[in-house]
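# Pasting the sequence and the predicted model now:
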2 protein chains.
Amino acid sequence: MKYSKATNYALHTMAFLIAAAPDRPVGVQQLADKQGVSPTYLSKILTKLVKAGLIESASGANGGYRARGRKEDISFLDVIQAIEGTTSIFECSHNENPECRIHQVMLSAEDAMDQHLRNTKLVDLMK
Amino acid sequence: MKYSKATNYALHTMAFLIAAAPDRPVGVQQLADKQGVSPTYLSKILTKLVKAGLIESASGANGGYRARGRKEDISFLDVIQAIEGTTSIFECSHNENPECRIHQVMLSAEDAMDQHLRNTKLVDLMK
DNA sequence: GCAAACCTACTCGGATAGGGAATGTCCGAGTGGCAATGG
DNA sequence: CCATTGCCACTCGGACATTCCCTATCCGAGTAGGTTTGC
């Protein structure tokens, strides 16, 4: 039970993009260098963030990635779900019974964590 | 990012053991039948719970497993950590810097979930 | 002693994660030809 | 007629997107043999 490293890279990348000046997009090479991973690998992660609508990409000369929308609204949960998906953290074997108390407890525990991640925005990191 | 099925089995098994009458230990065969897994597989899960001190085992004829200690004190977190271990849910790639703000946010989010799991006891399931 | 029950080590296939190389695809920007226009 | 200007098509290279591949690790399960204990 762990978050993948991709989530880690995604969070750091998003934090960088949000902190960067918004006029010029940032290339994947620069982002990859900063985190010590290959550009190809990071590109896959960035594509997920693009599909989730958190950033936008520009091809061609002077292209790159740029944060999208109101920066103040982007939460940790947005980034995590873009990478990990939105499936629940726990699956009960007794799924024929949606009333399983154990399942309910696990869901509410997960919800407590999600609330925290939803209320913490990436802009909170820089103050 | 998911809890393993073993955790699921462990929780259901613990709930059953706590609900069972405490006088006679329960055999692994009976527990396995109830959840539709092989006895040998469940045995490995039970061994982890024994090592964590949550249950105790009795060899020989009329042996089996039995909840240990005060049932009211056994929380969801106890069972989960017995199976999954206690390592953190998130590892920051920038671990050379323990001050990483992203890491701190993730830890506090995990702590919110742990609090919930720690405060919910298995006896709460039966009322 | 024997059978019931747990304990442990080993194996094994499949799924997933982490990572990289190569290739495909898109797009801005330079370039060059050509026509229109003004002197 | 000649030079300047403007326009259009084409190419080219930079940059993202995607596909394929390999490796390591973990999970879910099962087998086999050993050990303990009650009768």
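Received, thanks. Numbers count the residues shown, from 1 in each chain, chains lettered A, B, ... in the order given.
# Only C-alpha atoms from now on, for both contacts and neighbour counts.
Noted.
# How about stretch A:35-42, which residues are buried there?
Buried residues in stretch A:35-42, defined by neighbour count with 16 or more other C-alpha atoms under 10 Å in any protein chain shown: A:39, A:42.
# pLDDT on that stretch, on average?
For stretch A:35-42, mean pLDDT rounds to 95.
# can you check stretch A:109-116 too?
Mean predicted lDDT for stretch A:109-116 stands at 96.
# Please write out the alpha-carbon positions of that stretch in CSV.
Taking Å, rounded to 0.1, in the frame of the first residue of the first chain, the C-alpha atoms of stretch A:109-116 are listed here in CSV:
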residue,chain,number,x,y,z
ALA,A,109,-11.2,6.5,6.6
GLU,A,110,-10.2,7.1,3.0
ASP,A,111,-12.6,10.0,2.8
ALA,A,112,-10.9,11.6,5.8
MET,A,113,-7.6,11.5,3.9
ASP,A,114,-9.1,12.7,0.7
GLN,A,115,-10.7,15.7,2.5
HIS,A,116,-7.3,16.7,3.7
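# How far off centre is it?
Here stretch A:109-116 is found 16 Å from its chain centre; the criterion is C-alpha atoms, centre = their mean, to the nearest Å.
# same check, this time on stretch A:119-127
Stretch A:119-127 has its C-alpha centroid displaced from the chain centroid by 14 Å (C-alpha atoms, centre = their mean).
# what distance separates the start and the end of that stretch?
Counting by C-alpha to C-alpha, to the nearest Å, the length from the leading to the trailing residue of stretch A:119-127 is 16 Å.
# Give the rounded mean pLDDT of it.
93.
# can you list the residues that contact that stretch?
Identification of contacts with stretch A:119-127 by C-alpha atoms under 8 Å, 6 or more residues apart in numbering or on different chains yields A:14-15, A:18-19, A:71-76, B:101-102, B:105.
# ok, those residues vs B:Ile55, which is closest?
The shortest gap between B:Ile55 and any of the contacts of stretch A:119-127 belongs to B:Val105, at 34.6 Å (C-alpha to C-alpha).
# So what's the residue count around that closest one?
The burial count assigned to B:Val105 is 18, neighbours taken as other C-alpha atoms under 10 Å in any protein chain shown.
# likewise A:Lys48?
The number of residues packed around A:Lys48, counting by other C-alpha under 10 Å, is 17.
# doesn't A:Gln81 make contact with it?
No. Using C-alpha atoms under 8 Å as the test, A:Lys48 is too far from A:Gln81 to be in contact (10.0 Å).
# give me every residue that touches A:Gly53.
Counting by C-alpha under 8 Å, 6+ apart, A:Gly53 makes contact with A:Arg68.
# repeat for the one 3 residues further on
Each residue near A:Glu56 by C-alpha under 8 Å, 6+ apart is listed here: A:50, A:65-68.
# which SS class is it?
Secondary structure, DSSP: H, G, I helix; E, B strand; the rest coil: A:Glu56 is strand.
# do you know how far it is from A:Ala67?
Between A:Glu56 and A:Ala67 the computed distance is 6 Å (C-alpha to C-alpha).
# Just the local confidence number for A:Asn97, please.
For A:Asn97, the model assigns a pLDDT of 66.
# ok, back up a step: narrow the contacts of stretch A:119-127 to just the buried residues.
A:14-15, A:18, A:74-76, B:102, B:105.
# so which two of those are the farthest from each other?
When those are compared pair by pair using C-alpha to C-alpha, the two farthest from each other are A:Ile18 and B:Val105, 16.9 Å apart.
# quick check, nearest of the buried ones among the contacts of stretch A:119-127 to DNA strand D?
Set against DNA strand D, the nearest of the buried ones among the contacts of stretch A:119-127 by C-alpha to the nearest atom of the strand is A:Met14 (13.6 Å).
# quick one: contacts for the closest one?
Contacts here follow C-alpha under 8 Å, 6+ apart; on that basis A:Met14 touches A:67, A:79, A:122.
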